[in-house]
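Novice: fold the following.
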Amino acid sequence: MSSSVIWCLGIYASASTWAFNLVREMALAAGPAGGVSPHFCAGAYDTRRLDAPGLHIVKTHEVSDAATLAGIEARARKILMTVRDPRDAVASMMDYQKHEFAHALAHVEAAVRLCARLAGDPRALVLNYESGFAERPATAAAIAAHLDCALGEAETTRIFEALRRDKVEAYIATLPRIPGVLQERVSGDLLDPRTHWHSHHAGRSGESGRWRRTLTQDQVARITGQLGGLYIFKD
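Specialist: Numbering: from 1, shown residues only. Down below sits the predicted model:
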């Protein structure tokens, strides 16, 4: 048996957790030899564990440790990338995760820089949040094709329908009763380490352009000034 790595990479609040779960469910349905192992990486991580037999699905936003980042990039067979207007990403982190502006911008900037560097990689399929990809059934078929995942139409549709917003929110409502769920010390959010759904993923509007109402002019100027060379902003 050999190892294989799929890298789910995304800007914050870009439906990256939805994409990760779609890939995870597709992999579980396909039943690869050696099984399916999910991983979340943000800092230092022993990437040698990705060499173990089976399919490894790695989820990241930014990765602060250069050796970890190099290890993931070298092992990735396919990359699934989700992107979103950084202004809305910052606004979302402030609204739903209660981050201060400077902290939210630092995290979003790091994720944007990584996505910008890899967007042209031939292994990457890039999905833009503003296109509404998470609400379109055709997205699941496109992802399956990119990953060379041989699932039938009925199974692909089943997986997509199970990740509709109402189904996800119903699942998140059960987090307090699920064994092994973690709680973040600062925010108090519950986290399911299997799916990476957080309690803050529920109750969101999914609105694009929220930044126009929630960010100050100075905050918007700072975001576009720092990231204008990496992201094409559309007003």
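Novice: now stretch 179-199: buried residues?
Specialist: Applying a neighbour-count criterion of 16 or more other Cβ atoms under 10 Å, one finds V181, D189, L190, L191, D192, T195, H196, W197, H198, S199 buried in stretch 179-199. In this view, the C-beta of every residue, glycine as well, is placed from N, C-alpha and C.
Novice: would you map the strands across this protein?
Specialist: Counting by DSSP state E, one finds strands in the chain at the ranges 3-10, 36-40, 54-60, 76-83, 124-128, 182-183, 190-191.
Novice: out of those, which one sits most buried?
Specialist: Mean neighbour count (mean count of other Cβ atoms under 10 Å) peaks for strand 3-10 among the strands of the chain, with a mean of 24.
Novice: wait, what's in contact with N128?
Specialist: T82, V83, R84 (Cβ atoms under 8 Å, 6 or more residues apart in numbering).
Novice: and the least confident of the buried residues of stretch 179-199?
Specialist: Minimum pLDDT across the buried residues of stretch 179-199 is recorded for D189, with 90.
Novice: quick one, longest helix in this protein?
Specialist: Scanning the chain for the longest helix, with DSSP state H as the assignment, gives helix 101-118.
Novice: mean confidence for that one?
Specialist: For helix 101-118, the mean per-residue pLDDT is 97.
Novice: okay, it in PDB with CA atoms only?
Specialist: Presented in PDB, the C-alpha positions along helix 101-118 are these (Å, rounded to 0.1, in the frame of the first residue of the first chain):
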ATOM      1  CA  PHE A 101      -9.000  43.600  13.600                       C
ATOM      2  CA  ALA A 102      -5.200  43.400  13.600                       C
ATOM      3  CA  HIS A 103      -5.200  39.700  14.600                       C
ATOM      4  CA  ALA A 104      -7.800  38.800  12.000                       C
ATOM      5  CA  LEU A 105      -5.900  40.600   9.300                       C
ATOM      6  CA  ALA A 106      -2.600  38.900  10.200                       C
ATOM      7  CA  HIS A 107      -4.200  35.400   9.900                       C
ATOM      8  CA  VAL A 108      -6.100  36.300   6.700                       C
ATOM      9  CA  GLU A 109      -3.000  37.800   5.100                       C
ATOM     10  CA  ALA A 110      -0.900  34.700   5.800                       C
ATOM     11  CA  ALA A 111      -3.600  32.500   4.200                       C
ATOM     12  CA  VAL A 112      -3.900  34.800   1.200                       C
ATOM     13  CA  ARG A 113      -0.200  34.800   0.600                       C
ATOM     14  CA  LEU A 114      -0.100  31.000   0.700                       C
ATOM     15  CA  CYS A 115      -3.100  30.700  -1.700                       C
ATOM     16  CA  ALA A 116      -1.600  33.300  -4.000                       C
ATOM     17  CA  ARG A 117       1.600  31.300  -4.300                       C
ATOM     18  CA  LEU A 118      -0.100  28.000  -5.100                       C
END
